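[1] Let me see the structure of the following:
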Amino acid sequence: MKIDAFAHISPIRYLERVEDILASPGAPPIEELGDPAVTSDLARFANDEMAGLVRGHDRFVGFAAALPLNDVDTGLERLPHEPLEYFRRFYADTALFGAPHALRCTLDFFGPGNVLFGTDMPLGGPDVVGETIADVDSLALPAADRERVYAGNARDVLRLKKGY
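    Numbering: from 1, shown residues only. Predicted structure coming up:
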């Protein structure tokens, strides 16, 4: 069994605010939306909106915070711990578009308990699902780790019933 856990999400009020800056928002990196004062404010706004989206929904266990790369120091000043300590808590996915060496690095950094099968569909073209499966299988992971990546981690994170 495989559970594709990758999803794109942008809070609607954040997108509305981005539309005030760009004519066609797509998925722009925050740092491309203005100078550091603008992007730091947008990052705070995006984080607050995302927190509002997940608050009260028990299937959300967290979310990736927005941090404008043109004002990293301001964002990092607010963190009580080193950034790597936070990054190791993140869940990563396998959507690396035919780069099994990058997937190996992902598993080495996050560990097999924090990597979820994800294909980034519909992006990546018509063969992305098969290519992502081939990337995972090429790593010759122990069976228990492969099952965790393909379905077990998503089942745990999303609190799905056994058999899903």
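[2] I'd like the mean pLDDT over the longest helix along the chain, please.
    The longest helix of the chain (DSSP state H) is helix 36-54. What helix 36-54 shows for mean pLDDT is 84.
[3] What ranges in the protein fall below the confidence cut-off?
    By pLDDT under 70, the low-scoring segments of the chain are 7-9, 22-28, 57-65, 122, 164.
[4] and it, what are its domains?
    For the chain, the structural domains run 12-77, 83-157, going by automatic domain parsing.
[5] Looking at these, spot the one closest to Phe6.
    domain 83-157 (2.9 Å; CB to CB). C-beta: built from backbone N, CA, C; applies to glycine.
[6] What is the end-to-end distance of the closest one?
    22 Å (CA to CA, to the nearest Å).
[7] returning to what we had before: most packed of the domains of the chain?
    domain 83-157 (a mean of 16; mean count of other CB atoms under 10 Å).
[8] roughly how far is that domain from the heart of the chain?
    Distance, stretch centre to chain centre, for domain 83-157: 11 Å (CA atoms, centre = their mean, to the nearest Å).
[9] roughly how far apart are the spatially closest residue to Leu33 that is not a sequence neighbour and Ala134?
    Closest residue to Leu33 apart from its sequence neighbours, by CB to CB, 6 or more residues apart in numbering: Ile21 at 5.2 Å. Counting by CB to CB, to the nearest Å, the separation of Ile21 from Ala134 is 39 Å.
[10] now what about the following helix or strand past the longest helix of the chain, what contacts it?
    Tracing the chain C-terminally past helix 36-54 and defining elements by DSSP states H and E, one meets helix 72-77 next. Helix 72-77 is contacted from outside by 36, 40, 43, 67-68, 83, using CB atoms under 8 Å, 6 or more residues apart in numbering.
[11] what's the farthest-apart pair in these?
    Pro36 and Pro83 (18.1 Å).
[12] For the nearest residue to Asn114 once chain neighbours are set aside, list the residues it contacts.
    With CB to CB, 6+ apart as the criterion, Asn114 has its nearest non-adjacent residue at 5.1 Å, and that residue is Tyr91. Going by CB under 8 Å, 6+ apart, Tyr91 touches 110, 114-116, 153, 157.
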